[in-house]
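Colleague: Here's my sequence, what's the structure:
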Amino acid sequence: MSHALVARLDSAGDVLITGPAVRAVAASHDRVTFLAGPRGREAAELLPDVDEVIEWQAPWVDFDSPELTAGHVDSLVKELRDIRPDRAFIFTSFHQSPLPLALICRMADVGWVGAISPDYPGSLLDLRHHAPDGIPEPERALSLAAAGGCLLPAGDHGGLRVKSPSLPSFFTEIITAAPFVVFHPGAAVPARRPSTARSAAMVAALVDAGHRVVVTGGDDECELTAAVARDVAVDLGGLTTLETLAGVYALAKAVVVPNTGPAHLAAAVGAPVVSLFAPVVPAVQWMPYGERVIRLGDQDAMCRKTRARECPVRGHPCLDGITDAELLTALRRLEEAS
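Modeller: Numbers count the residues shown, from 1 in each chain. Below you'll find the model as predicted:
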């Protein structure tokens, strides 16, 4: 019985865009275990074809990770020895190194390890793959799976996907009252979201144009969602898990969202997406990977490709410069294409 370990140690969005590659690995193995960090575990549990999820926080990925100690490493080595995968696929973003985790896999006696690595890996990798530059992140991950001999099964076209989401009854009552547009104002990186005032103005413009609006956000974004929803939109801030958020998005006419994990979640459930995309990272790599996506935001702004966490340009023009007319036109185009 063949057993593969697939690893993606960062955020929920990063895990979701690895989903097609995970399905390719699963098509060539009897069992798949997903190694996730704490920010990505919920997303890993939503991926089809994942049999088990284990969690470990990597100090080279998370800013708030515990100190890297022998005991912290030993805990993962022991867990990997207990589950005994035959092969390990280490998925990363272009700016991350897979080699620290590859070393741990070697310490756990994993017999085969593959990853994308620009750095010389010595004996840490059995497969050192070089992915093409400037391709969407889901395709980058798929290229590693293919290099390891794992292809998507017939009929799987490589889109993002999650298990069928479910909604508690009280959500159903709120959401199915009338058709609605979702506005998700938050992002973990402040430079990637519009200002609170501009988000509130966008929601007001949507409502004035006749749209019913539902505002979503995480537990730590309740103040933001309240300020954006005000008294004109339904505020679901802090009330959703990742699974219920998927259920909300699946029922929406469209999801308006900056470059953050929920954007990839919306694409994974097939919702039309208006992507409010700040150019601090390349759109070709990080835009929501779906067929019904319209991108807004100045991609030639001065912050382009800076990877800035805080907007370095006064007035945040790349996103706050998006006009109400542009937003409403994008929604109209998505509705006409449906």
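Colleague: Next, count neighbours for Ser97.
Modeller: 16 (other Cβ atoms under 10 Å). (C-beta placed from N, C-alpha, C; glycine too.)
Colleague: next one: phi and psi at it?
Modeller: The phi/psi pair for Ser97 (degrees, to the nearest 10) reads phi -100, psi 130.
Colleague: got the contact list for it?
Modeller: Trp60, Ser117, Asp119 (Cβ atoms under 8 Å, 6 or more residues apart in numbering).
Colleague: Wait, the last one touches Pro100, no?
Modeller: Read that as Asp119. No - if you go by Cβ atoms under 8 Å, Asp119 and Pro100 don't touch, sitting 11.1 Å apart.
Colleague: Look at those two and report which has more neighbours.
Modeller: Neighbour comparison, Asp119 and Pro100: the larger count goes to Pro100, with 18 against 11 (by other Cβ under 10 Å).
Colleague: Among the contacts of Ser97, which are located in helices?
Modeller: With DSSP state H as the criterion, helices contain none of those.
Colleague: Return the member of those residues nearest to Arg23.
Modeller: Nearest to Arg23 among those is Ser117, at 22.9 Å by Cβ to Cβ.
Colleague: what's the spacing between that closest one and Val203?
Modeller: For Ser117, the distance to Val203 equals 44 Å [Cβ to Cβ, to the nearest Å].
Colleague: Same check on Thr225?
Modeller: Thr225 is 10 Å from Val203, by Cβ to Cβ.
Colleague: what residues are shared contacts of the two?
Modeller: With Cβ under 8 Å, 6+ apart as the test, Thr225 and Val203 both reach Val215.
Colleague: Contact partners for Arg192?
Modeller: Pro258, Asn259, Thr260, Ala278, Val280.
Colleague: Looks to me like the last one is in a helix.
Modeller: No - for Val280, which was evaluated using DSSP: H, G, I helix; E, B strand; the rest coil, the result is coil, with no helix membership.
Colleague: residues touching it, list them.
Modeller: Counted by Cβ under 8 Å, 6+ apart, Val280 has contacts Val189, Ala191, Arg192, Cys303, Arg304, Lys305, Thr306, Arg307, Ala308.
Colleague: give me that answer again for 7 Å
Modeller: Ala191, Arg192, Cys303, Thr306, Arg307, Ala308 (Cβ atoms under 7 Å, 6 or more residues apart in numbering).
Colleague: Next, please give the residue ranges for the helices of the stretch 151-300 of the chain.
Modeller: Per DSSP state H, counting those that start in this stretch, the stretch 151-300 of the chain carries helices over the ranges 169-175, 196-208, 222-229, 242-251, 261-268, 283-286.
Colleague: what's the last one in contact with?
Modeller: In this structure, residues lying in contact with helix 283-286 by Cβ under 7 Å, 6+ apart are Gly134, Pro136, Glu137, Asn259, Phe277, Arg295, Gln299.
Colleague: What of the fifth one?
Modeller: With contacts defined as Cβ under 7 Å, 6+ apart, helix 261-268 is touched by 11-13, 16-17, 19, 160-162, 184, 216, 242, 245-246, 249, 255, 257, 273, 275, 288-290, 293.
Colleague: Drop anything exposed from those.
Modeller: Buried subset of the contacts of helix 261-268 (neighbour count, 16 or more other Cβ atoms under 10 Å): 11-13, 16-17, 19, 160-162, 184, 216, 242, 245-246, 249, 255, 257, 273, 275, 288-290, 293.
Colleague: rewinding a little: the helices of the stretch 151-300 of the chain: lowest mean pLDDT?
Modeller: For those, mean pLDDT drops lowest on helix 169-175, to a mean of 76.
Colleague: buried sites along that one?
Modeller: Phe171, Ile174, Ile175.
Colleague: now, which of the residues you listed sits nearest Arg332?
Modeller: Using Cβ to Cβ, the buried residues of helix 169-175 come closest to Arg332 at Ile175, 22.0 Å.
Colleague: I figured that closest one hits Tyr249, correct?
Modeller: No - judged on Cβ atoms under 7 Å, Ile175 makes no contact with Tyr249 at a distance of 10.4 Å.
Colleague: so what's in contact with those two at the same time?
Modeller: With the criterion set as Cβ under 7 Å, 6+ apart, the contacts of Ile175 and Tyr249 do not overlap.
Colleague: what sits against Glu291?
Modeller: Counting by Cβ under 7 Å, 6+ apart, Glu291 has no contacts.
Colleague: What distance do you get for it to Leu160?
Modeller: 11 Å.
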